[in-house]
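J.: Provided below are the primary sequence and the corresponding predicted coordinates.
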Amino acid sequence: MTRSNTADNCNFMDNMFSTLFFTHSVTLSSSFTHSLGEQHWRNAL
């Protein structure tokens, strides 16, 4: 009982971390792309 409970908690934390990491990566890459595009437009103009 305790062992399966611990495993569930570990799995839950793992899922949370993966989701958090994924969201952070997407946010980071989108903001990076945005700033990159801005830089490009400034250079073009």
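T.: On my side now, so go ahead. Numbering: from 1, shown residues only.
J.: Okay, helices next: where are they in this structure?
T.: 2-44 (DSSP state H).
J.: for it, which spans come out with low pLDDT?
T.: 1-4, 45 (pLDDT under 70).
J.: redo that, cut-off 50
T.: Nowhere does the chain drop to pLDDT under 50.
J.: And residue 15, how far from residue 9?
T.: In this view, residue 15 and residue 9 are 11 Å apart by CB to CB, to the nearest Å. All C-beta spots, glycine's among them, are computed from the backbone N, C-alpha and C.
J.: Residue 12 and residue 27: what is the separation?
T.: Distance of residue 12 to residue 27, given as CB to CB: 23 Å.
J.: for residue 43, same thing?
T.: Residue 43 is 25 Å from residue 27, by CB to CB.
J.: Could you check how far stretch 26-37 is from the centre of its chain?
T.: In this view, stretch 26-37 has its centroid 13 Å away from the chain centroid, taken as CA atoms, centre = their mean, to the nearest Å.
J.: same check, this time on stretch 13-24
T.: 7 Å.
J.: which of the residues in that stretch are buried?
T.: Buried residues in stretch 13-24, defined by neighbour count with 16 or more other CB atoms under 10 Å: none.
J.: shift numbering so it begins at 36
T.: That works, and once the first residue is 36, the last one we named lands at stretch 48-59.
J.: could I get that stretch in PDB with only the CA atoms?
T.: Presented in PDB, the C-alpha positions along stretch 48-59 are these (Å, rounded to 0.1, in the frame of the first residue of the first chain):
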ATOM      1  CA  MET A  48       5.600  14.800  -9.500                       C
ATOM      2  CA  ASP A  49       7.200  13.500 -12.700                       C
ATOM      3  CA  ASN A  50       4.100  14.500 -14.700                       C
ATOM      4  CA  MET A  51       4.000  17.900 -13.000                       C
ATOM      5  CA  PHE A  52       7.600  18.500 -13.800                       C
ATOM      6  CA  SER A  53       7.200  17.400 -17.400                       C
ATOM      7  CA  THR A  54       4.200  19.700 -17.900                       C
ATOM      8  CA  LEU A  55       6.000  22.600 -16.200                       C
ATOM      9  CA  PHE A  56       9.100  22.100 -18.200                       C
ATOM     10  CA  PHE A  57       7.200  21.800 -21.400                       C
ATOM     11  CA  THR A  58       5.200  24.900 -20.800                       C
ATOM     12  CA  HIS A  59       8.300  26.800 -19.800                       C
END
